[in-house]
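Q: quick one: sequence plus predicted model below, questions after.
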Amino acid sequence: MLSPLHKHLLDDYQHDFPLTLRPYLTIAKALGVTENDVLTAFNSLIDDDFISRIGPIIPPNQLGKSTLVAMAIPPGRLEGIAEIISSFREVNHNYEREHRFNLWFVLIASSKQHLQNVIQSIERRTGFKTLQLPLLDEFFIDLGFPLKLDHD
Amino acid sequence: MIDDRDQKLLEAVQKGLPLCSRPYATLGQSIAMPEAEVISRLTRLKQQGLIKRLGVIVKHKRLGYRANAMVVWNIPDTDVKNLGQQISRFDFVTLCYQRPRHLPEWPYNLFCMIHGKDRNIVLEQLRFMTETCGLTHYERDILFSRRCFKQCGALYKTPASQVLAYG
């Protein structure tokens, strides 16, 4: 179960994690607990898979070239094709979605050329065409959102 | 712009901030960068918007947000910016992007992601947004996620890796 401390850590520190010498102590002071309490709570949130890590969100195409890719795969072959796609280290977030275009993933490469090489390689190995949907404009990119957890 | 030391730092911090009393010092040790420089560079990268946010990266599924729909619209190019900005203001919208159409098979140019505790809640949020923003007469599709084959928000490391979910 999530304690009130856990809930605060999940909800209050998605955007502005303290950039201080002892950030966990900064958090502890704000929440009226000890630094050790905060470290222990974060450890258990990671162990229990509530959070993946504490880290940065970096906008697309800042450190390389990325694109969203969609493919229309016959349902019976989806699993096998998805496995091939997932084996590329440039692939992240490989999802099945409810649509004729049923396989969606993000490709991240070091350059435009690298990205095109990977796409060609994917099309060759799977025998299916890709739909490339790179970002043209972003209106919002911020994966944090209020969880509306009940604070007891 | 980012320099080589920024790049090195971003790659290191993407693996996750260590859970110890002086995490920026520990992080710096792995890339031979002093603690003060780590903090000042991260502060600047954040001010410049090269880091959009720094903090806890939660796993929505584990917290009960099991439904996620990618909703796509075919919006006239002249209106897409205005409507994109309106859509992105709803707190259940986690991403909102303009992407290219591929006619005839893909007519949609505006993409947003809606997270909710279940499918009905997502649909209800979508209905509310559609009415509020006057989107009813635009061609639209809803793509709920089914299976995740790889990396549901987990860490990955390519030379140019980014901690970003939806490219």
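A: Right, received. Where do you want to start? Predicted, not measured: the structure shown is a model, and the values here were computed from it. Residues are numbered from 1 along each chain as shown, chains lettered A, B, ... in the order given.
Q: mind giving me the domain ranges of chain B?
A: Per automatic domain parsing, the structural domains of chain B span B:4-47, B:67-144.
Q: so how far is B:Leu19 from the nearest residue to A:His6 once chain neighbours are set aside?
A: Ranked by Cβ to Cβ, 6 or more residues apart in numbering or on different chains and with sequence neighbours excluded, the top spatial neighbour of A:His6 is A:Ala41, at 5.6 Å. Every C-beta, even on glycine, is put in place using the N, C-alpha and C of the backbone. A:Ala41 sits 10 Å away from B:Leu19, going by Cβ to Cβ, to the nearest Å.
Q: likewise for A:His6?
A: With Cβ to Cβ as the criterion, A:His6 and B:Leu19 are 14 Å apart.
Q: dump the domains of chain B into TSV; add distance to chain A as well.
A: As requested, these are exported to TSV (distance: least, Cβ to the nearest Cβ, whole Å):
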stretch	distance to chain A
domain B:4-47	3
domain B:67-144	3
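Q: which residues in chain A form helices?
A: A:4-12, A:23-31, A:35-47, A:78-86, A:112-126 (DSSP state H).
Q: mind putting these into CSV with mean neighbour count?
A: Output for these, formatted as CSV (neighbours: other Cβ atoms under 10 Å in any protein chain shown):
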stretch, mean neighbour count
helix A:4-12, 18
helix A:23-31, 19
helix A:35-47, 17
helix A:78-86, 17
helix A:112-126, 15
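Q: looking at the ones you listed, which is closest to B:Phe149?
A: The closest of the helices of chain A to B:Phe149 is helix A:78-86. By Cβ to Cβ, the value is 4.2 Å.
Q: now for that closest one, which elements pack on it?
A: strand A:91-97, strand A:103-109, helix A:112-126, strand B:140-150 (3 or more Cβ pairs under 8 Å, 6 or more residues apart in numbering or on different chains; DSSP states H and E).
Q: for that helix, the averaged confidence score.
A: The average pLDDT within helix A:78-86 is 96.
Q: the inter-axis angle of that helix versus helix A:112-126?
A: 150 degrees (axes from the mean of the first three to the mean of the last three Cα atoms, to 10 degrees).
Q: wait, is B:Cys20 part of a helix?
A: No - under DSSP: H, G, I helix; E, B strand; the rest coil, B:Cys20 falls outside any helix and is assigned coil.
Q: right, I'll call it a day here.
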